[in-house]
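> Below are the sequence and a predicted model for it; my questions follow.
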Amino acid sequence: MEQLVEWDKAFFLYLNGQHTPWLDPVMTVLSHRLTWVPLYLCLLVFIIRRHGRESWVPVVGIIITILLADQVCSSLLKPIVGRFRPSHEPSLDGLVHIVDGYRGGQYGFASSHAGNTFGLAMFFILQYRRVWKWTWVLLPWAAIVAYTRIYLGVHYPGDVIVGALIGMLAAYAGSGTSRGLRKAIHGRRPTSAV
């Protein structure tokens with residue numbers, strides 16, 4: 001386990017060290033949740049156009065996905081594991097590229113940014129891949145958001161990978177809930193394209 005932690009630190013220092021002044025503000029903007037509100041609104045419009053009055057069904061699935069991912073990462077793992085973010089790790093003092101003094105909270109394992117974005121991406125893939133072939137583009141989006149956390153010095157690669165896995169697992173729960181609700185409403189087994 002100690003060897004994995006050391007590899008994680010070394011990989012973090014390599015990735016975090018690949019910075020340039022012009023990228024700092026770009027990564028800050030890409031990391032901010034409000035930046036992606038237009039994307040979220042577009043996804044909501046897609047849902048409303050697809051489901052009409054039953055739009056609440058996939059919205060409930062998304063809420064469950066995000067709540068599960070966020071709570072497991074932030075409320076469960078961060079305080080239990082208690083792993084300092086790179087920006088708070090004393091052994092990395094002076095080695096981490098910090099942007100505009102932003103250091104995040106004390107603990108970073110696992111990344112809720114990665115959990116939430118990968119959860120949302122996977123929910124759309126599970127629910128709509130048969131009717132919207134471009135759902136896969138949400139995975140590179142989630143990866144970019146997750147990478148910004150490493151660039152900004154507030155997460156190790158391991159934090160991001162575990163957060164992404166948690167988010168994708170949460171999406172299965174959210175997607176299953178949506179399918180179950182549709183089945184209850186229509187009295188039949190729905191397909192993922194419904």
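Alright, I've got the coordinates. Numbering: from 1, shown residues only.

> residues touching residue 54, list them.
Residue 54 sits next to 182, 185 when contact means C-beta atoms under 8 Å, 6 or more residues apart in numbering. Any C-beta I mention is one placed from the backbone N, CA and C, and that applies to glycine too.

> Next: residue 14.
Contacts of residue 14 by C-beta under 8 Å, 6+ apart: none found.

> Let me know the helix or strand that it is in.
According to DSSP states H and E, residue 14 maps onto helix 2-16.

> buried sites along that helix?
Using 16 or more other C-beta atoms under 10 Å as the test for burial, helix 2-16 gives 8-9, 12-13, 15-16.

> same question, stretch 157-173
Neighbour-count burial for stretch 157-173 flags 157-164, 166-171, 173 (criterion: 16+ other C-beta under 10 Å).

> Where does the prediction get shaky in the chain?
Low-confidence segments of the chain (pLDDT under 70): 188-194.

> in it, which spans are helices?
Secondary structure of the chain by DSSP state H: the helices cover 2-16, 23-31, 37-51, 56-70, 78-81, 112-128, 138-151, 157-186.

> what angle sits between the longest one and helix 2-16?
Orientation note: helix 157-186 sits at an angle of 90 degrees relative to helix 2-16 (axes from the mean of the first three to the mean of the last three C-alpha atoms, to 10 degrees).

> give me every residue that touches residue 114.
73, 142, 145-146, 149, 155, 159-164, 167.

> now the angle from the helix holding residue 14 to helix 138-151?
If you take the same axes, to 10 degrees, helix 2-16 sits at 90 degrees to helix 138-151.

> Which of the contacts of residue 114 sits closest to residue 43?
Proximity of the contacts of residue 114 to residue 43 (C-beta to C-beta) peaks at residue 142, which lies at 12.7 Å.

> Sweet, I'm off.
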